[in-house]
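> Based on what follows, work out the 3D shape:
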Amino acid sequence: MRVDIEKRHMDSYKRIAIEANNAIKKSSLKAQKGKYESILFQKDISAENKKKRLAKSLHELIISAFSVNINKAKKKKGIEEIKANILLIREIIHKIKAINNYLEESLLRELGIFKKSLIVKALKSAEPAKYLEKSGKVLQKSYIDKIEHIVYEMMQRIIFFDKKLVKGYKQKEIRIIREEKLGIKDLEKVLKVESEILDALEAKIPPPSRVKTKLFGKEIFNRWAPMAFALLSSFETEHIKETEIFSKIKGNDKLKKKIENKIKHIINEKEKLLKIKEKRALAMKSFGRISDEHRQAFHEYVSAANL
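Residues are numbered from 1 along each chain as shown. As a prediction, the model looks like this:
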């Protein structure tokens, strides 16, 4: 089977492998909690720049958390430090997904890239959860095959993985393809791919309370960690695409002005959200049948509040 892969994706997983190999030599699990928490709760920054800082933090924390000597990781101190890292990783994933949700459901709609929020459409459907699940899936089999190939590459390139345990992953023929030309209308798809990859990454990283020594058994760790690295590489590749698209948007003065105005309104939206909460009981009684406009407004306020 042949896998088509962009050069930037190859560069990403090769860079992660090199960093992981360097990190294992330092063998330090302790994270700078204060540094990462300050980024998580920073408010005086645009959504785009905050996401860049969060993506960098996610990269650093995953390299640190998974570039470990499994014998040291099984010790009590090692487990506690890994739990602290994993808590931060999960919080960062949630925050990036909240920013993506805001960009998808509010900013893209404001720019006219699509007319109606996916959340609003879901709320009007008979089964909102199923509608969202069906509509939100964008990763095709070819992309999943690419992730599996990267897992294989990680197993081969990273010195602390056991190459004898590469079960279920086979070397594939690869074809390096041209980097796709991206336009403003591709932003929605890129954000959805990012969010789906982050969902998969979150599923691979359990809550701290479920981090036990058995996760660092030889076979489990050699399935778990390479996939985390592969998903990180895939997220970062999509984030590079997003950055390129935003660069094009910034070159368009009209769109740039719209974005700047939208971001300036975030504080006002938070204030409106608080007012909505104060009057929620009364509002829900008086709304009767909730209009799409009310649904969209409320959704935008909640999204902004999560940034």
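
> C-alpha from now on. contacts and neighbour counts both.
Fine.

> number of nearby residues for Arg210?
The burial count assigned to Arg210 is 10, neighbours taken as other CA atoms under 10 Å.

> Check what pLDDT it gets.
Reading off the per-residue confidence, Arg210 sits at a pLDDT of 90.

> do you know how far it is from Ile86?
Spatial separation of Arg210 from Ile86 under the definition CA to CA, to the nearest Å is 11 Å.

> Just the CA trace of the one helix or strand Ser12 maps to, in CSV.
Assigned by DSSP states H and E, Ser12 falls within helix 7-26. These are the backbone C-alpha positions of helix 7-26, laid out as CSV (Å, rounded to 0.1, in the frame of the first residue of the first chain):
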residue,chain,number,x,y,z
LYS,A,7,7.2,17.1,2.8
ARG,A,8,6.1,19.3,5.7
HIS,A,9,4.5,16.3,7.4
MET,A,10,7.7,14.3,6.9
ASP,A,11,9.8,17.2,8.3
SER,A,12,7.4,17.3,11.3
TYR,A,13,7.7,13.7,12.4
LYS,A,14,11.4,13.6,11.8
ARG,A,15,11.9,16.7,14.0
ILE,A,16,9.8,15.2,16.7
ALA,A,17,11.8,11.9,16.6
ILE,A,18,15.1,13.9,16.9
GLU,A,19,13.7,15.9,19.9
ALA,A,20,12.5,12.8,21.6
ASN,A,21,15.9,11.1,21.3
ASN,A,22,17.5,14.2,22.8
ALA,A,23,14.9,14.5,25.6
ILE,A,24,15.4,10.9,26.8
LYS,A,25,19.1,11.7,27.5
LYS,A,26,18.0,14.5,29.8
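
> so Ile176 touches His9, yeah?
No - the pair Ile176 / His9 is not scored as a contact, 9.6 Å apart, by CA atoms under 8 Å.

> Show me which of the two is the more surrounded one.
Legend: neighbour count by other CA under 10 Å for Ile176 and His9, higher for His9 (21 against 13).

> does the residue nearest to the more buried one when sequence neighbours are not counted count as helix, strand or coil?
If you skip the residues right next to it in sequence, His9 has Thr237 as its closest partner in space, 5.6 Å away by CA to CA, 6 or more residues apart in numbering. Three states are possible here, and by DSSP: H, G, I helix; E, B strand; the rest coil the one that applies to Thr237 is helix.

> Tell me where the stretch 151-300 of the chain has helices.
187-204, 218-250, 253-264, 266-278, 280-287, 292-305 (DSSP state H, counting those that start in this stretch).

> any idea which residue sits dead centre in the protein?
A centroid search over the chain (CA atoms, centre = their mean) returns Leu198, at 3.7 Å, as the residue closest to the centre.

> Need the phi and psi values for the closest residue to that one other than its chain neighbours.
Once flanking residues are discounted, Leu198 sits nearest to Ile93: 6.5 Å by CA to CA, 6+ apart. According to degrees, to the nearest 10, the main-chain angles of Ile93 amount to phi -60, psi -50.

> now Ile93: how far from Leu187?
When CA to CA is applied, the distance between Ile93 and Leu187 equals 19 Å.

> just Ile18 next, same as before
Note on Ile18: its distance to Leu187, by CA to CA, is 30 Å.

> Report the helix or strand with the lowest average pLDDT across the chain.
Of all the helices and strands that make up the chain, the one with the lowest confidence by mean pLDDT, DSSP states H and E is helix 292-305; it has a mean of 49.

> Before we move on, what's the pLDDT of Ser247?
For Ser247, the model assigns a pLDDT of 85.

> what about it, how many residues close to it?
For Ser247, the tally of surrounding residues (other CA under 10 Å) stands at 13.
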